[in-house]
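K.L.:
structural data only, the sequence is not supplied:
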Ligand code: ATP
């Protein structure tokens, strides 16, 4: 028997870095939401005790380095499961993009394993397991629109963000999350945290209040290192998107519009300028 699980991409409407903690992690506040761009994972239980992962992207690792492999291994060890699992990942979400691709795959695997192996895990138990694989996994377990804090492990669902079109532009630039966080001098950030403002706007369905307050504390440092990202962001604003920001640690730049023809126009105009461009909708 086969089991199919959908793994939607996430976007960051905000990413606030509040301070550096004693354990050297940064304390974060973020608003995340899911969009209608997803990977599909097909699970086939095996009698033999082994883990096999396949994907349609030849450059992705399918061994212990793959987040899906890691979560299966963790679950098998924790619950002493002697059966095996074969997973085929159909990747549609761009990799290393700030769209949480690996994390959403890991979360989808946890949801699927919970059903297939009848583990009866609560959301909180899945969050604890997921956190060991990646900081964005807890959000992906819950999904929807959420206020995410701590290092990413505290996920509070809020109302769904007002429905709109989202243009995603991912240039072929590789951003090192570690380097960007290291370069951040949090104490000197000339920056007002926006997550609570955006959460309040979403709670009352205020699309404009949401779009006007999108922000990402990593943007300035990242734009300095990769000027093409700043150009991309400015271009999206000039072309008429209602709000533009970088998602996660980038390099994907996202723009919102409630008007499909405008979003489509921006999508068309960016295609010569940026390697990968998508037009998608918000998910409830
Ligand atoms: P985030 O937004 O959570 O920081 P991201 O979108 O920037 O994530 P991913 O697409 O999750 O980045 O990929 C980050 C790294 O994780 C890649 O270098 C990739 O090799 C590795 N990886 C492991 N498993 C997966 C997977 N199932 N899908 C995508 N990447 C994976």
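P.N.:
Great, that's in hand. Worth saying up front: this structure is predicted, and the values here are computed from it rather than measured.

K.L.:
pLDDT at the spatially closest residue to residue 260 that is not a sequence neighbour, what is it?
P.N.:
Distance criterion C-beta to C-beta, 6 or more residues apart in numbering; nearest residue to residue 260, sequence neighbours excluded, is residue 165 at 5.8 Å. Bear in mind the C-beta positions are built from the backbone N, C-alpha and C, glycine included. pLDDT for residue 165: 97.

K.L.:
chain neighbours aside, what residue packs nearest to whichever residue of the stretch 151-284 of the chain sits closest to the ligand?
P.N.:
Using C-beta to the nearest ligand atom, residue 248 is the residue of the stretch 151-284 of the chain that sits closest to the ligand, at 3.8 Å. Distances taken as C-beta to C-beta, 6+ apart put residue 98 closest to residue 248, at 3.3 Å, once the chain neighbours are dropped.

K.L.:
wait, doesn't the one you found sit right on residue 253?
P.N.:
No: in this structure, residue 98 is not within contact of residue 253 by C-beta atoms under 8 Å, at 9.1 Å.

K.L.:
ok, these two, which is more surrounded?
P.N.:
Taking other C-beta atoms under 10 Å, residue 98 and residue 253 do not tie; residue 253 has more neighbours (31 against 28).

K.L.:
next, count neighbours for residue 151.
P.N.:
Residue 151, neighbours per other C-beta under 10 Å, totals 15.

K.L.:
get me the contact residues on the stretch 1-150 of the chain for the ligand.
P.N.:
Within the stretch 1-150 of the chain, the positions lying close to the ligand (C-beta under 6 Å from any ligand atom) are 60-61, 65-68, 89, 95-103, 105, 136.

K.L.:
just the ones in helices from those, please.
P.N.:
67-68, 101-103, 105 (DSSP state H).

K.L.:
out of these, who has the most neighbours?
P.N.:
residue 105 (31 neighbours).

K.L.:
let me see the contact set for that one.
P.N.:
Neighbouring residues of residue 105 by C-beta atoms under 8 Å, 6 or more residues apart in numbering: 7, 39, 41, 67-68, 89.

K.L.:
any chance of these in CSV, with distance to residue 1 and pLDDT too?
P.N.:
Converted to CSV, the contacts of residue 105 look like this (distance: C-beta to C-beta, whole Å; pLDDT from 0 to 100):
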residue, distance to residue 1, pLDDT
7, 20, 98
39, 21, 98
41, 15, 98
67, 24, 98
68, 19, 98
89, 18, 98
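
K.L.:
ok, those vs residue 215, which is closest?
P.N.:
The closest of these to residue 215 turns out to be residue 7 (C-beta to C-beta; 26.4 Å).

K.L.:
that closest one: which element?
P.N.:
Here residue 7 is covered by strand 3-20, with elements defined by DSSP states H and E.

K.L.:
what do you get for residue 37?
P.N.:
strand 26-46.

K.L.:
list the strands paired with the next helix or strand after that strand, with their directions.
P.N.:
Using DSSP H and E, the helix or strand that follows strand 26-46 in sequence is strand 51-55. Counting by DSSP bridges, the strands paired with strand 51-55 are strand 84-90 (parallel).

K.L.:
buried set for the partner strand?
P.N.:
Buried residues in strand 84-90, counted by 16 or more other C-beta atoms under 10 Å: 84-89.

K.L.:
cool, and stretch 33-45?
P.N.:
Under the neighbour-count criterion of 16+ other C-beta under 10 Å, stretch 33-45 has 33-35, 37-41, 43 buried.

K.L.:
likewise for stretch 193-200?
P.N.:
So stretch 193-200, judged by 16+ other C-beta under 10 Å, has buried residues 193-195, 197-199.

K.L.:
what comes into contact with stretch 144-160?
P.N.:
By C-beta under 8 Å, 6+ apart, the list of residues contacting stretch 144-160 from outside reads 25-34, 127, 131, 135-136, 138-139, 141-142, 161, 195, 199, 202-203, 205, 282-284.

K.L.:
can you do 6 Å?
P.N.:
Here stretch 144-160 makes contact (C-beta atoms under 6 Å, 6 or more residues apart in numbering) with 25, 29-30, 32-33, 131, 135-136, 138-139, 142, 161, 199, 202-203, 284.

K.L.:
what score does the nearest residue to residue 136 once chain neighbours are set aside have for pLDDT?
P.N.:
Distances taken as C-beta to C-beta, 6+ apart place residue 103 nearest to residue 136, at 3.6 Å, with adjacent residues excluded. At residue 103, the predicted lDDT confidence score is 97.
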